[in-house]
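Visitor: what's the 3D shape of this:
(2 chains)
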Amino acid sequence: MAKAGNGSGGQGGTLRKVLRYIRKYWIYLALSVVMAAITVTLTLYLPILTGRVIDLIIEQGRVDFDGVSAILKTMAVVIAVTAAAQWIMNICNNKMTYRIVQDIRDEAFKRIEILPLKYIDEHSYGEVVSRVIADVDQFADGLLMGFTQFFTGVITILGTLGFMLSVNVSITGVVVLITPLSFLVAAFIAKKTFVMFRAQSETRGEQTALIEEMIGNQKVVQAFSHEDEALEEFDEINGRLERCSLKAIFYSSITNPSTRFVNNLVYAGVAVTGAVYAVRGGISVGQLSCFLSYANQYTKPFNEISGVVTELQNALACAARIFALIEEEPQIPDKENAVSLGEVEGRIDLEHVEFSYVPDKKLITDFNLSVRPGQRVAIVGPTGCGKTTVINLLMRFYDVQSGCIRVEGQDIRDVTRRSLRANYGMVLQETWLKGGTVRENIVMGKPEATEEEIVAAAKASHAHSFIKRLPDGYDTVIGEDGGNLSQGQKQLLCITRVMLCLPPMLILDEATSSIDTRTEIRIQKAFAAMMEGRTSFIVAHRLSTIREADVILVMKDGNIIEQGNHETLLGQNGFYATLYNSQFVGYGNS
Amino acid sequence: MRKLLVYLKDYKKETVLAPLFKMLEATFELFVPLVMAAIIDQGIGSGNVSYVLRMGGVLILLGIIGLVCSITAQYFAARAAVGFSTKLKHALFAHIQGLSFTEIDTLGTATMITRMTSDVNQVQNGVNMVLRLFLRSPFIVFGAMIMAFTIDVKAAFIFVVTIPVLSVVVFGIMMWTMPLYKKVQAGLDSVLGATRENLTGARVIRAFNKEQEEIESFEKKNNTLAHMQLFVGKISALTNPVTYIIINVATVVLLYTGAVRVDEGTITQGQVVALVNYMSQILVELVKLANLIITITKAWACANRIQSVFEIKSSMAWEQKLPGTHLACQNTDADKAGKDEADQINFDHVHLAYAGAGAESLTDIDFRVKKGQTVGIIGGTGSGKSSLVNMIPRFYDATRGHVVIKGKDVREYSMEELRQMIGVVPQKAVLFQGTIRENMQWGKNDATDLEIWQAIETAQAREFVEQKEGKLDAVIAQTGRNLSGGQRQRLTIARALVGKPEILILDDSASALDYATDAALRQAIRNMDGSPTVFIVSQRASSIQYADQIIVLDDGEMADIGTHEELLERCEVYQEIYYSQYPKT
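Guide: Sure, this is the predicted structure:
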C-alpha cells in the first residue's frame, strides 16, 4: 500500500479519493479489521495448541489424556471463534466493496448525463463504457482482494514472526533468511517473461486484427476468392503466435514450482535445525511440529502480498480512470437566474455567431440568420460538411463561442436547457431508440399520453400499420438501438415520438439512401404534416424540400458558405448551383 | 468438446507425459511427512544428529526431484495446449472461410470472431490447466489418504470421512453459486446496456429532457446488481470458514485418536505429526481443485460453442475444377441454347427463399441480358435488389429456377471460374489493411501497376490516390478508416475492375459519391475495353436512368422491366420512385 501511495502524486491523490468512498462504510472497515486480527491470531495459535497436544503424546503408556482433552476442548472453541470471525470479515468486505462499487457507478452515470456533448462526441462509447463497467469491476476486485488478503497477510507475517521468535530465535533466523529467495526467483522470472508476454500479446493482437478483417468481411473475401491467401496469412501469424505463446506460458509457469521449491528448502531447513535443537533438548517435538506448520504458512502471505500489490496498483490505475470520468468538467450549468421558456411561437435569431470544435480551426464565423415563426430552413451540402453543427448549436448541445442565438428574443444561454429543448422536436438521421417497448419509446416526450393519443400520433406518422403487425403491437419489446427493426421503421418511430408532443420548433434530418423510396415517401408525408405552421430546420437531401424552403443554408467543410432561397442561390451561380445541376447530369448527355 | 480432442492428436506424447510428471512430483511431495516422522522418531528419539542431517538431505533431494518433474510437466503441458490451440484455430479459420453466405448470415460474423479469439484462448487455458492439475490434485488428496492407511488404519478412517464431507461442502457451494454468478453477469450486462444507451442516445435523451428518469432507472438497475452480488457474496463467504472448521475438527479428532493409538503402542509420536501434515495437504489441494473446476467449466462451455461452429456445414456444393469437361459442357449447352447464344445472363423463373425465412425474398424473376448491356435495378429496401444480384456470383442458390451464365447454370461452374468472371462491388465499402496496391491485387493476383492505375482511373479515384503519399504504396488502415466514405467506395470499385471482369455488379456502391462523380463513373465504365455487362443497384433514379434495361422490383417480384421512357409511361412503382426524386414541375 505504501508503495502504491508513494508511486506519484497522482496515485496518492487517487488513493485519497478512494478513501473518501470508503469513509461512508467505516463501520464495516473497522469490523473487518478487528475480525481479521482475531482470525489471524487464532489461526496462528492453533498450531501451538497442536504442538502442545503432540508433546503430551510421547509414547506407549506416556500419554496425558486429561491434558490432551483439555487442550482439544480449547482447540474446538478456537476453531469455532476463528470460523465465525472469518465469516463476519468476509461479509463486511463484500458489503463494503459492492456498495462502494455501486456508489461509484451511480456517480459516474450521473456525470455522464451532464457531460458536455463535446466529451461524448470526442470519446468512443466503448471507452467510456469500459470505464464504468470493466474498470470499476477491476477496481472492485482489487479492493476486495486488498481488504481480504493484504491486511490478513501482513498480520500473518508479523504474527508468525512473533510466535516463532517466542519459541526459538535461531530457527526463526533460518526461516527469515531463506524466504526472500522465493521473491528473488519470482521477480527474476517475472522480469524475464515480461518481454515474452509482450511479444505474445502483440502477436495475438495482430492475429485478432486479421481475424476481424477476414472473418468480419468474409463476403468480400469470398467474392474475390481470396480464401487461400487469407488462410496463408493467418497460418503465418498463427505459427509465430504458437512460438511466442509457448515461450511465455512455459517460462511463466516455472514460477510456481520454483517458489514451491524454495518453500521446500525452508521446510527442510526448519526440519534439520529444529531436530538438532530438539536433540539437544532446546525445543520439544510439539514445538517443532508447530514450527513446521509456520514454515508452510509464512511464505504464503508473502506471495499473496506481492500479488496484492500489483493488483492494488492495477486497481488504483482503474480508479484513476474512473475518477477522471467522474471529475470531468460538466456542461456549463444553467444560469442561476435562468428563466423557463414558455410555449414559444418559433422566432429564432442567430447574431454574429462564431463557432468551432477545435480552437485553431475556424468553422462558422459571423453567421447571421433570422427565422420567423413557421418558416422552413433547409440545410444542404455534401455528406460530412458539418450539417449537424447547426443542430448542435440550436439545441445547445454546444455553446457558441461568440455572438448569440435567441429564441423569442431571449438568449438561449439565459433560459433553462430543459425549457429550451422542450420547445424543439428532433428527428435525427442516426435513429436512436431505447431498449424497451414501442410504447415506451413513443411516449418519451409525453409520458402521460393516452392510448388514443399514441395511436393517433402513430397513424399521423404512418407508423401505425407496421407497429400493428409487430408480434405484440405497441408492447413489442425492441432491443437496444432498435434491434430487429429496419432503418425505415426506426425512423418512423422516431417521428412518431416527436409527433406525439409536437413542439413549436422542429429539427429534422431527412432520410438518406438506407431507406427505400416508398418508406421515404411516407416519412416525407409525415414530415410535411408535422411541419405545418412550425418553425423547422431540415437537413435536406431532396430537391423538393430544398426548393420549397424559405431559407437555404449551403454548407461546405463546416462553413455556411451561401444563404438564400432557391432562386437567389441559383442566380448566384455558386456552389449551390453546381450541386443542384449535378443531379441532372447523366452519362447520356455529358 | 470431445470432437475437438482430435487437435491434440499430434501431442499424444505431451498429453501423457505432462500429467505423469505432475503425478511424480505429487508422489515425492507425499513422502515429505514420512521423512519428517522418521526425523522425529529416529533422529530426535535416539539423539542421532547425523541421521537428522541425512534426512534433511533427503528432504532437499525430494524438493529438487519435485522441481525437475514439475518443470518438465509444465513444459509438456504448455506445448500440448499451445499446439492444440494453434491447430484448432487453423481448422476453425479454414472451416469458417468455407461457409457459404447463408451460414454467415445465420451465425453473424461477430459471433465467429469471438469463437476464434476469446473462446479458443479459454480452451487453450483449460487444456493447459487440466494437464497440469487435474491429475495432481485428486492424486494428492487420495494419496494422502492412502499414506494415512500405511501409517494406521484406524486413524485413516478419519480421512475417509473428512474427504467426502469436505468435497461436498466445497463443490456444493460452488454448484450453488455458479448459476447465481450467471445472474450477476446478466445484471452487469443490463447496467452496461444502460450506460451504452445513454452515450449513444445522449442527444435524444437530452432533447427530451429525460436525464433524471434515466438516472433513476440506472440507479435501480445498479441497486439490483449490488443486491445480487451481496447475496452471492454471502454464500461464497461461507466456503473458507466451513472448510476451516471441517479440517480442524478432523485434526482434533485425529489428535485424540492418535493419543489413544500412541498410548496403545500402535503408532509413534512422529507418525501423529505425519498424519496431521497429511490432513493439511488435503485442504490446500481441494481448494485448488475447486478453482480448477471453475476454469474447466468455462473452457468446456467455450469448447462446445466452438464445436457447434464446426458442426455447421456449408450448404453449397461446388463443381470441382475440371477444365476438360468444362469445355465440352459449354459446347453442348451453347448448342442447346440455340438462338439464345447472344444472351450472356439469363434468369429463368428464379425463386429465392433465405434459410429460416418464411416467405420468398425473390419470386419468379425472369429476364435476359445481352453481353455489354447495362442493367439498372431499382426498388424499395427489402424489395430484393441485393438478393437478385447476389445470385449471379452464386452467393446464394436459387430455391427454384436457374441462373444461367453463357448458357451454363451457375451451379455447373467451379467457384474460381465463376468469381473470376464476375467483379462485385458490395454495398458496404470494405478495404483491407495493407497498401492500395495490395488491395487492388485482390481483384487480380498479378496485376501490374499499369492495370491498377487503369482501374483506379475508371473508378474516378486517380486524383486522390495521386495525392496520397506513396501513391499505390500508401497504407490503408483496417477497414479503410483513414479514407472518406466516397474514397473507399471508389477504391472498392477499382478493386473489382482490376480483374477486367466480364460481368460487373455495383450493389448500391456509389451512394457516397456526389451526382457528378457518379455520372462520370458510369460513363467511364461504359467506355472500358471489353465493355462488361454491368448491373447497377441503386436508390437513385439518376444512376439507372440511362441503363439499357431497368428492372423494377417490388416486394421480391418484378414489377416491370424496360427502358426509362417505357417505365415512366407504364410502371406505377417506377413513376412513384422517379417523381419522388424529380418532382414534376
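Visitor: Contact partners for residue 392?
Guide: This is for chain A. The contact partners of residue A:392, by Cβ atoms under 8 Å, 6 or more residues apart in numbering or on different chains, come to A:117, A:398. To be clear about C-beta, it is placed using only N, CA and C from the backbone, and glycine gets the same treatment.
Visitor: that's the wrong chain, I meant chain B
Guide: Here residue B:392 is in contact with B:345, B:403, B:405, B:410, B:422, B:503, B:505, B:535 (criterion: Cβ under 8 Å, 6+ apart).
Visitor: Secondary structure element holding residue B:375?
Guide: Here residue B:375, judged by DSSP states H and E, is contained in strand B:374-379.
Visitor: pLDDT weak spots in chain B?
Guide: Counting by pLDDT under 70, the ranges of chain B that qualify are B:1, B:320-343, B:355-359, B:380-382, B:478-479, B:481, B:512, B:580, B:583-585.
Visitor: Get me the contact residues on the stretch 401-550 of chain B for chain A.
Guide: By Cβ under 8 Å from any Cβ of the partner chain, the residues of the stretch 401-550 of chain B that approach chain A are B:415-416, B:419-420, B:424, B:426, B:430, B:432-433, B:442-443, B:478-479, B:484-486, B:495, B:508, B:511-512, B:514-516, B:519-520, B:522-523, B:526, B:539-540, B:542, B:545-546.
Visitor: Out of these, name the ones that lie in strands.
Guide: Secondary-structure check on those using DSSP state E: residues within strands are residue B:424.
Visitor: buried subset of the residues of the stretch 401-550 of chain B next to chain A?
Guide: With neighbours counted using 16 or more other Cβ atoms under 10 Å in any protein chain shown, these contain these buried positions: B:415, B:419-420, B:424, B:426, B:430, B:432-433, B:442-443, B:478-479, B:486, B:495, B:508, B:511-512, B:515-516, B:519-520, B:522-523, B:539-540, B:542, B:545-546.
Visitor: Stretch A:244-261 spans what distance, first to last residue?
Guide: The first and final residues of stretch A:244-261 sit 26 Å from each other (Cα to Cα, to the nearest Å).
Visitor: now swap in stretch A:273-284 and tell me
Guide: With Cα to Cα as the measure, the ends of stretch A:273-284 fall 13 Å from one another.
Visitor: Just the buried positions in that stretch, please.
Guide: Across stretch A:273-284, burial judged by 16+ other Cβ under 10 Å covers A:273, A:274, A:275, A:276, A:277, A:278, A:279, A:282, A:283, A:284.
Visitor: about what we covered before: which two among the contacts of residue B:392 are spaced furthest apart?
Guide: Spanning the widest gap among the contacts of residue B:392 are B:410 and B:535, at 14.3 Å by Cβ to Cβ.
Visitor: Show me which of those two is the more surrounded one.
Guide: Of the pair residue B:410 and residue B:535, residue B:535 is the one with more neighbours under other Cβ atoms under 10 Å in any protein chain shown, namely 27 against 19.
Visitor: Do I have it right that that one meets residue B:386?
Guide: No - because the distance of 10.7 Å does not satisfy Cβ atoms under 8 Å, residue B:535 is recorded as not touching residue B:386.
Visitor: can you tell me how far the closest residue to residue A:224 other than its chain neighbours sits from residue B:495?
Guide: Nearest non-adjacent residue to residue A:224, counting by Cβ to Cβ, 6 or more residues apart in numbering or on different chains: residue B:442, 4.6 Å away. Computed with Cβ to Cβ, to the nearest Å, the distance linking residue B:442 and residue B:495 is 6 Å.
Visitor: With residue A:250 instead?
Guide: Taking Cβ to Cβ as the criterion, residue A:250 is separated from residue B:495 by 43 Å.
Visitor: Need the residue in chain A that's farthest from the chain's center.
Guide: Residue distances from the centre of chain A (Cα atoms, centre = their mean) peak at residue A:61, which lies 69.3 Å from the mean C-alpha position.
Visitor: Does that one lie in a helix or a strand, and which?
Guide: Element membership for residue A:61 (DSSP H and E) is empty, with no helix or strand holding it.
Visitor: May I have the phi/psi pair for the closest residue to residue A:554 other than its chain neighbours?
Guide: Leaving aside its sequence neighbours, residue A:554 sits nearest to residue A:562 (Cβ to Cβ, 6+ apart; 3.9 Å). In terms of degrees, to the nearest 10, the main-chain angles of residue A:562 are phi -140, psi 160.
Visitor: Was I right to think residue A:562 contacts residue A:574?
Guide: Yes - the pair residue A:562 / residue A:574 is scored as a contact, 5.6 Å apart, by Cβ under 8 Å.
Visitor: need the strands for the chain, in chain order.
Guide: In the absence of a named chain, chain A is used. A:348-355, A:364-371, A:376-380, A:402-407, A:410-411, A:424-427, A:436-437, A:477-478, A:505-509, A:535-539, A:551-556, A:559-564.
Visitor: oops, I was thinking of chain B
Guide: Read by DSSP E, chain B holds these strands, from start to end of the chain: B:343-352, B:362-370, B:374-379, B:400-405, B:408-409, B:422-425, B:434-435, B:475-476, B:503-507, B:533-537, B:549-554, B:557-562.
Visitor: so where is the stretch 401-550 of chain A shaky, pLDDT-wise?
Guide: A:480-484, A:486-487, A:511-520, A:541-543.
Visitor: Show me the residues of the stretch 401-550 of chain B next to chain A that map onto helices.
Guide: When DSSP state H defines the helices, the subset of these inside them is B:415-416, B:419-420, B:485-486, B:495, B:515-516, B:519-520, B:522-523, B:526, B:542.
Visitor: nearest residue to residue B:487 other than its sequence neighbours?
Guide: Counting by Cβ to Cβ, 6+ apart, residue B:487 lies nearest to residue B:464, which is 5.6 Å off, once chain neighbours are set aside.
Visitor: quick check: mean pLDDT across stretch A:355-366?
Guide: Per-residue pLDDT over stretch A:355-366 has a mean of 80.
Visitor: so where do the helices sit in the stretch 51-200 of chain A?
Guide: For the stretch 51-200 of chain A, helices defined by DSSP state H, counting those that start in this stretch occupy the ranges A:65-114, A:117-122, A:125-130, A:136-145, A:151-167, A:169-216.
Visitor: between these, which one is nearest to chain B?
Guide: For chain B, the closest of these is helix A:65-114, at 3.4 Å, according to Cβ to the nearest Cβ.
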